[in-house]
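*Asks:* predicted model and sequence below, questions to follow.
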Amino acid sequence: MEIIQSVQTRIHEIRGQRIMLDFDLASLYEVETKVLNPLRQTDLKEQLQEIKQRLGEHYTQLNSIYDAMENLLDEKAVHRKWDDRERIGFNK
C-alpha cells in the first residue's frame, strides 16, 4: 500500500494530463535523472519511426502537402516584398 501511495503522490495533473516528473520517476527507480533522459530520447525516436510506418503512404503525402504549402507561403512573401518596392518607387 505504501508503494502505491508513494507513486500516487508523484503523479501530477497539468492541463488535464496526468504526468510524472523525471526526477520523481528517477527516485522511484533509484537512479539519477541523467540516466532516464537518454532513454526518453531513444523512446521518442522509436515512436516517431513507428508512427511513420503506420501512416505509410499517408505520411509521404502529408509531407509533400506540407512542402507545397510552405513553398506557396514563400512565393507569397516574395511577391509581397516586390509589391512593397513598387509602391515606394523601386523597379523589379
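*Replies:* Nice, thanks for sending it over. Please read all numbers here as calculations on a predicted model, not as lab measurements.

*Asks:* tally of neighbours for Gln61?
*Replies:* 11 (other C-beta atoms under 10 Å). For glycine as for every other residue, the C-beta is placed from the backbone atoms N, C-alpha and C.

*Asks:* name the helix or strand for it, please.
*Replies:* Assigned by DSSP states H and E, Gln61 belongs to helix 57-87.

*Asks:* could you give the mean pLDDT of that helix?
*Replies:* In this model, helix 57-87 carries a mean pLDDT of 73.

*Asks:* how about stretch 17-36?
*Replies:* Mean predicted confidence for stretch 17-36 is 83.

*Asks:* quick one: it to chain centroid distance?
*Replies:* Here stretch 17-36 shows a centroid-to-chain-centroid distance of 21 Å under the convention C-alpha atoms, centre = their mean, to the nearest Å.

*Asks:* swap in stretch 36-43?
*Replies:* With C-alpha atoms, centre = their mean, you get 15 Å for stretch 36-43.

*Asks:* contacts for that stretch next, please.
*Replies:* Taking contacts as C-beta atoms under 8 Å, 6 or more residues apart in numbering, the residues outside stretch 36-43 that touch it are Asp22, Leu25, Ala26, Tyr29.

*Asks:* the same query, at a cut-off of 6 Å, please.
*Replies:* Among residues not part of stretch 36-43, those counted as contacts by C-beta atoms under 6 Å, 6 or more residues apart in numbering are Asp22, Ala26.

*Asks:* domain assignment for the protein?
*Replies:* Using automatic domain parsing, the domain parsing of the chain gives 1-55, 56-92.

*Asks:* can you classify His12 by secondary structure?
*Replies:* strand (DSSP: H, G, I helix; E, B strand; the rest coil).

*Asks:* roughly how far apart are it and Asp24?
*Replies:* 8 Å (C-beta to C-beta, to the nearest Å).

*Asks:* the two - which one has more neighbours?
*Replies:* Neighbours per residue, other C-beta under 10 Å: of His12 and Asp24, the larger number sits with Asp24, 16 against 11.
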